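In: sequence and predicted model, in that order:
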Amino acid sequence: LVRHFRRSVISSLPGPIHSSYLAGNFKELARSPEITDAHLGWSAKYGTAFKIYGEMGVKMLFISDPKALHYVLDTSGYNFPKPLSERVGFTIMLGPGIISAEGQVNSPKILNPAFSFGALREFLPLFRQKASKLVNKLKEQVDSTTANSNVDLVPWLSRTTLDIIGVASADYDFEALDGVQNNKLARVIIYDNLVADALYQMSDINIAMPYILSKIPSFFISILTRLPLRTLSKFQNYVKVATSVAQEVVDKQTQLHLHGKEGSKDLMSLLVHANLSEDPKTKVGKNEVLAQLTTFFLAGHETTASSLMWASYELSKHPEWQTKLREEITKTRSQARERGDIELTIADFDSMSYLQAVMKETLRVYPTIPNILRQAGKDDCIPLSYPVPTVNGKIISEVPINRGERIFISLIAYNRLKSIWGEDADKWHPERFLKEDHDGTHADVHLGLIANLATFSSGIRGCIGWRFSLLEMQTILIELLENFEFSPSPGNVEIIRGSTGVMAPMVKGSTSGRTQLPITLTPL
Ligand code: HEM
């Protein structure tokens with residue numbers, strides 16, 4: 001109660017009104033036609049730090065200010081944990097894995113070696129193998145009379161990244177590219193359009209549920225999560241099926257380890273090894289192992305697939321960039337052959353400036369996770385790059401925050417700041433990463449895991465899989481560009497950034513709630 005009635009500086013900031021007491025401004029965030037609408041509309045009106053309402057009237061600080069993001073995520077990361085409400089939400093969606101973990105869990109440090117440079121190099125053949133399978137499957141779709149095909153790329157890219165994360169994380173092939181019906185988990189994730197279907201325009205009670213659950217003793221949580229709410233039950237079904245698949249994999253890997261066979265160098269092997277460890281510093285419990293897998297299956301595929309969809313979409317509208325990329329690929333391949341390499345290496349990818357520019361610009365304009373939440377672990381003061389006015393007209397250059405108050409970090413709004421990216425920040429314009437004036441490098445504050453972008457978050461809880469994802473996307477994109485010309489779908493099909501939890505493409509006017517990206521592919 002004392003905390004509830006304490007003076008809050010956040011209360012004195014201006015901000016949007018909310019149309020639902022239960023869901024607060026999360027309703028506007030979840031129900032806008034496009035997932036970017038509320039973020040960018042409010043930011044244009046109120047700037048880079050303002051007040052929004054969370055569930056049940058609780059005030060929160062909305063930030064896209066560079067210094068504030070740097071302070072919360074990098075400088076003082078340990079003082080700003082993920083709020084319990086968010087951890088409860090992730091636990092419902094993915095099981096109690098690394099994303100929802102806080103405090104003393106061993107898996108993050110155990111998993112780091114699997115994402116080291118050396119380990120990632122080992123994944124390149126897997127990426128290539130699945131990318132070429134994707135190309136073959138897409139070629140089968142080509143219409144022999146028109147010599148091209150109008151394909152919905154969503155299921156194909158999702159299947160590819162799901163197959164990759166299955167093998168990489170658990171040495172388990174979903175074989176989703178061969179047909180989702182073959183595998184029960186692939187069916188739940190892709191055929192049922194899991195994430196989009198559950199999160200598209202959620203009801204107020206579904207939005208508020210993780211917050212409500214975080215306020216009650218954990219004993220009641222398991223009872224309440226059995227309520228027949230559609231979103232809850234979709235994800236619970238996912239967790240159930242994913243855990244049973246994870247159980248199969250863990251048993252197999254455990255046997256391999258017990259019989260002295262190392263198993264493969266995938267994430268699962270590292271976790272199983274840690275599960276069998278006697279050392280409490282490195283021991284990872286069985287449930288934690290299962291939960292990490294259910295997390296990786298979803299966190300590691302949907303995000304990467306969506307980013308690839310947006311890259312394909314932008315390239316279909318920019319044939320000049322397709323030409324630049326193809327020329328660069330041909331040149332880099334011939335250099336690799338001259339050195340005696342059959343395939344491109346990570347160093348080759350890094351040397352391809354057009355490819356890098358297209359990837360970075362796509363990640364900037366389309367951060368597939370639009371926002372993240374944090375909570376002040378103690379009373380603190382968040383510095384700002386750009387001072388903001390309170391409702392009384394006082395200008396403040398830092399925001400004092402009370403322990404327990406929540407912070408809504410808009411990755412979308414930060415990635416579009418004109419002060420960092422220039423006046424054309426709203427446009428997909430990869431040239432910016434070829435010049436130094438608008439590529440973000442001149443910014444006062446440096447943030448993020450790559451190119452000053454907030455897309456993968458930043459600091460101690462930044463995305464563990466960012467390099468993995470980048471290499472995977474580059475391999476797939478190269479393979480696609482060498483085999484197909486991309487062009488927009490015929491007719492007046494307008495693609496929007498769907499409000500589906502992650503930023504995924506949808507066809508404007510479609511009421512199906514399904515993510516879709518129809519594109520014309522012409523084999524080369
Ligand atoms: C374009 C692709 C991706 C994007 C945009 C992305 C974005 C993010 C973001 C923003 C976070 C921070 C979440 C938060 O703080 O609440 C995160 C965390 C995480 N990501 Fe990714 N991610 C991508 C790909 C991947 C891949 C491929 C993997 C696995 C191989 C992965 C695994 C994780 C995990 C396990 C965490 C939790 C880390 C922690 O809490 O310590 N991500 N990701």
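Out: Cool, the structure landed.

In: excluding its backbone neighbours, what's nearest F486?
Out: S316 (4.0 Å; CB to CB, 6 or more residues apart in numbering). From N, CA and C alone the C-beta is placed, and that goes for glycine too.

In: what's the mean pLDDT across the host helix or strand of the one you found?
Out: Counting by DSSP states H and E, the element that carries S316 is helix 302-317. The average pLDDT within helix 302-317 is 96.

In: show me which residues of it are buried.
Out: Within helix 302-317, the residues that qualify as buried are 302-316, counting by 16 or more other CB atoms under 10 Å.

In: which residues touch A68?
Out: Residues in contact with A68 (CB atoms under 8 Å, 6 or more residues apart in numbering) are T48, A49, I382, P383, L384, S385, V399.

In: actually, T345.
Out: R121, L124, A336.

In: by neighbour count, which of those residues wins?
Out: In terms of neighbour count, L124 stands highest of the contacts of T345 at 18 neighbours, by other CB atoms under 10 Å.

In: that one and the ligand: what is the separation?
Out: Distance, L124 to the ligand, by CB to the nearest ligand atom, to the nearest Å: 15 Å.

In: pLDDT score for that residue?
Out: 95.

In: and for V284?
Out: So V284 comes in at 69 (pLDDT).

In: how about M60?
Out: Here, the pLDDT recorded for M60 equals 96.

In: name the SS class of E398, please.
Out: Following DSSP: H, G, I helix; E, B strand; the rest coil, E398 is assigned to strand.

In: what are the bridge partners for it, then?
Out: P383 (DSSP bridges).

In: count of neighbours near the closest residue to the ligand within the chain?
Out: Residue nearest to the ligand within the chain: G465 (2.3 Å; CB to the nearest ligand atom). Counted with other CB under 10 Å, the neighbours of G465 add up to 22.

In: how about it: what's its closest non-neighbour residue?
Out: Leaving aside its chain neighbours, G465 sits nearest to G300 (5.6 Å; criterion: CB to CB, 6+ apart).

In: in contact with that neighbour, which residues?
Out: Shown in contact with G300 (CB under 8 Å, 6+ apart): T161, I165, A168, S169, G465, F468, S469.

In: what about the helix or strand hosting the fourth one, distance to the chain center?
Out: It refers to S169. Here S169 sits within helix 153-170, counting by DSSP H and E. Helix 153-170 has its C-alpha centroid displaced from the chain centroid by 14 Å (CA atoms, centre = their mean, to the nearest Å).

In: also stretch 483-501?
Out: 20 Å.

In: how about stretch 42-60?
Out: Here the centre of stretch 42-60 is set off from its chain's centre by 22 Å, with CA atoms, centre = their mean.

In: okay, buried residues for the top helix by length along the chain please.
Out: Among the segments of the chain that qualify as a helix by DSSP state H, the longest is helix 230-258. By neighbour count with 16+ other CB under 10 Å, helix 230-258 contains the buried residues 231-232, 234-236, 238-239, 241-243, 245-246, 249-250, 253-254, 256.

In: same question, stretch 417-433
Out: Neighbour-count burial for stretch 417-433 [16+ other CB under 10 Å]: L417, I420, W421, G422, A425, W428, H429, P430, R432, F433.

In: what distance separates the start and the end of it?
Out: 15 Å (CA to CA, to the nearest Å).

In: tell me the mean pLDDT for that stretch?
Out: The model assigns stretch 417-433 a mean pLDDT of 94.

In: name the SS class of E431, please.
Out: Assigned by three-state DSSP, the conformation of E431 is helix.

In: what's near enough to touch it?
Out: Contacts of E431 (CB under 8 Å, 6+ apart): A357.

In: quick revisit: what does the residue nearest to G465 show for phi and psi?
Out: Main-chain torsions, G300, degrees, to the nearest 10: phi -90, psi -10.

In: and it, how far from K508?
Out: Going from G300 to K508 by CB to CB, to the nearest Å gives 29 Å.

In: equivalent analysis for M202, please.
Out: From M202 over to K508 (counting by CB to CB), the distance is 20 Å.

In: the two: who's more crowded?
Out: Higher neighbour count among M202 and K508: M202, with 22 against 12, using other CB under 10 Å.

In: part of a helix, is the more buried one?
Out: No. Counting by three-state DSSP, one finds M202 to be coil, located in no helix.

In: what about the closest residue to it other than its chain neighbours, neighbour count?
Out: Leaving aside its sequence neighbours, M202 sits nearest to A30 (CB to CB, 6+ apart; 5.3 Å). Residue crowding around A30 was assessed by other CB under 10 Å; the count is 21.

In: which outside residues touch the helix or strand harbouring A30?
Out: Assigned by DSSP H and E, A30 belongs to helix 26-31. Residues outside helix 26-31 that contact it (CB under 8 Å, 6+ apart): 16, 18-20, 23, 35, 38-39, 54-55, 199, 201-202, 204, 207-208, 371, 499.

In: now it: how far from the chain's centre is it?
Out: Taking mean C-alpha positions (CA atoms, centre = their mean), helix 26-31 and its chain are 18 Å apart.

In: now do it, average pLDDT.
Out: 90.

In: what's the closest non-adjacent residue to N237?
Out: V188 (6.3 Å).

In: ok, the one you found touching Y238?
Out: Yes. Between V188 and Y238 there is a contact at 5.4 Å, judged by CB atoms under 8 Å.

In: need the residues touching each of those two.
Out: Shared contacts of V188 and Y238, counting by CB under 8 Å, 6+ apart, come down to L194.

In: got the residues of the stretch 401-524 of the chain near the ligand?
Out: Residues of the stretch 401-524 of the chain lying close to the ligand (CB under 6 Å from any ligand atom) are T455, F456, S457, R461, C463, I464, G465, F468, S469.

In: D426 touches A413, doesn't it?
Out: No. Using CB under 8 Å as the test, D426 is too far from A413 to be in contact (11.3 Å).

In: helix/strand/coil for the residue nearest to E472 when sequence neighbours are not counted?
Out: Among residues not flanking E472 along the chain, F127 sits closest, at 5.1 Å (CB to CB, 6+ apart). Three-state assignment for F127 (three-state DSSP): helix.
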